[in-house]
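> let's see this in three dimensions:
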Amino acid sequence: MPGDAPLLSAIASPRRQEILRLLWNGERTAGAIHEALPDVTFGAISLQLRALREAGLVEVRTERRNRHYRACKEALGVVRPLLEQMWDDSLWRLKLEAELEASRRGPRPGRKRRTQAGPRR
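Next up is the predicted model:
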């Protein structure tokens with residue numbers, strides 16, 4: 001189990017789990033991942049992809065100016081069936097949404113500030 005520490009550390013982040021899920025059934029560019037996760041900056045997507053790549057969980061293929069990322073399912077070993085089962089579970093999806101919302105930084109999209117109106121005279 002000590003050799004699994006980098007793997008477990010890499011998939012501990014809800015954001016990295018979501019990126020890995022997006023890459024599970026095919027490759028995507030960083031731009032396509034950013035479109036799927038609009039509340040995350042492109043720079044943050046890039047950092048998360050780097051962490052997944054360094055852990056050996058994502059492969060990258062360069063085509064002209066684009067990098068195409070795909071999941072390395074074999075690298076997950078015994079964790080793979082657990083992740084697949086988790087992603088199929090709708091309750092897990094709700095949990096992930098709550099965790100992603102809680103970890104979100106910056107202003108919430110679509111919310112307007114309420115102004116403090118003084119008493120009308």
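> what secondary structure does Lys95 sit in?
State at Lys95, reduced to three classes by DSSP: H, G, I helix; E, B strand; the rest coil: helix.
> may I have the lowest-mean-pLDDT helix or strand in the chain as PDB, with CA atoms only?
Least confident helix or strand of the chain, by mean pLDDT, DSSP states H and E, is helix 79-88 with a mean of 71. Taking Å, rounded to 0.1, in the frame of the first residue of the first chain, the C-alpha atoms of helix 79-88 are listed here in PDB:
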ATOM      1  CA  VAL A  79      -8.900   1.600  -7.400                       C
ATOM      2  CA  ARG A  80     -10.300   1.500 -10.900                       C
ATOM      3  CA  PRO A  81     -13.500  -0.600 -10.200                       C
ATOM      4  CA  LEU A  82     -14.200   1.600  -7.100                       C
ATOM      5  CA  LEU A  83     -14.000   4.800  -9.200                       C
ATOM      6  CA  GLU A  84     -16.200   3.300 -11.900                       C
ATOM      7  CA  GLN A  85     -18.800   2.200  -9.400                       C
ATOM      8  CA  MET A  86     -18.700   5.600  -7.700                       C
ATOM      9  CA  TRP A  87     -19.200   7.500 -11.000                       C
ATOM     10  CA  ASP A  88     -22.200   5.300 -11.800                       C
END
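> identify the residues contacting that helix?
Helix 79-88 is contacted from outside by 4, 7-8, 11, 17, 20-21, 24, 73-74, 76, 92-93, using Cβ atoms under 8 Å, 6 or more residues apart in numbering. Where you see a C-beta, it was placed from the backbone N, CA and C, and this is true even at glycine.
> how about these in a markdown table, adding secondary structure?
Below are these laid out as a markdown table (three-state DSSP):
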| residue | secondary structure |
| --- | --- |
| Asp4 | helix |
| Leu7 | helix |
| Leu8 | helix |
| Ile11 | coil |
| Gln17 | helix |
| Leu20 | helix |
| Arg21 | helix |
| Trp24 | coil |
| Lys73 | helix |
| Glu74 | helix |
| Leu76 | helix |
| Trp92 | helix |
| Arg93 | helix |
